[in-house]
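Visitor: one predicted model, sequence on top.
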Amino acid sequence: MGTAPKSWKKITDKRIHVVEVDDIGIGFWMINKAHFCASEEEEIVFIDTDTLVLKPLNSIGSGVKGDIIGRTTSHYEQASWPKQAWQEYLDKYGASTYFPYLNTGLLGFRNSAHQRLAEPWKKITRELLVDENFPFGPRHHANQLAFSLAAGKLGISYGLLCANEHAYGWEDAPFDDSFVYHTGGPGFIDRAMSIHRKIKVLDKGPQEFRQPIERHYFQQQAKEGLLGLKNLGVRFTKDSVKRTLRISK
């Protein structure tokens, strides 16, 4: 909670509702994703903030059955994925059906499946964060692992998205035929600008969403001195940011 960002005032489309929510993270902010479970809609689509929507979402997963639809994570798709450990953790948390390890950057829900997930998802996340035998790599993925474990526990059916429906930028996936392009946090700016230059995706949306990516992200980072531009004496105004970008290169 706190002061709402000024950018929210620029959203004039009445179909869009921005809602402030309490921090339920308790030191692990990613668990705040569980807020979407409170939606009263029967069908919802959740996307991360470091994703770029390049094509309409209404056809994603249209030919796939399941109350949860998503793509398996990069780690799960590799030969090194600890299959036995994953099955053991599904069993540990009482999975009533097998459930793969999904990337939570793009998820679709049907038949109000999301509404059942909030409490087990949060509970398992917190348990994984203190699990001394945690076998799945970085713990900052605990919420993502917990999501799939919770879905397995509840016996929710699933369907899988293909690589072009949810493309992984950190794998250098092509974006030309992608519906949702997941850049990955650290690489968001570079990839977003590259895509913007090549297909000018932002120019296709409503007026309130044409704000150039380079101004929205680079201006803030430059102000914070994160780009090494702090001492260049550049005035970060709406009209000068493109010159700033050239300097940064």
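Guide: Received, thanks. These figures come from a predicted structure and were not determined experimentally.
Visitor: confidence score at the residue nearest to the spatial centre of the chain?
Guide: Against the mean C-alpha coordinate of the chain, by Cα atoms, centre = their mean, the closest residue is residue 48 at 2.1 Å. With respect to pLDDT, residue 48 scores 92.
Visitor: which residue is the nearest non-sequential neighbour of it?
Guide: Setting aside the residues directly before and after it, residue 48 is nearest to residue 105 in space (Cβ to Cβ, 6 or more residues apart in numbering), at 4.0 Å. Heads up, the C-betas are built off the backbone N, CA and C, glycines and all.
Visitor: which SS class is the spatially closest residue to residue 195 that is not a sequence neighbour?
Guide: Spatial nearest neighbour of residue 195, chain neighbours left out: residue 175 (5.5 Å); criterion: Cβ to Cβ, 6+ apart. Judged by DSSP: H, G, I helix; E, B strand; the rest coil, the three-state class of residue 175 is coil.
Visitor: go ahead and confirm residue 175 touches residue 181.
Guide: Yes: here residue 175 reaches residue 181: they are 4.7 Å apart, a contact under Cβ atoms under 8 Å.
Visitor: looking at those two, which one has more neighbours?
Guide: Higher neighbour count among residue 175 and residue 181: residue 181, with 25 against 21, using other Cβ atoms under 10 Å.
Visitor: helix, strand or coil for that one?
Guide: Residue 181 falls in the strand class when you classify it by three-state DSSP.
Visitor: bridged to it, which residues?
Guide: residue 52, residue 167 (DSSP bridges).
Visitor: that one and residue 136: what is the separation?
Guide: The gap separating residue 181 from residue 136 is 25 Å, by Cβ to Cβ, to the nearest Å.
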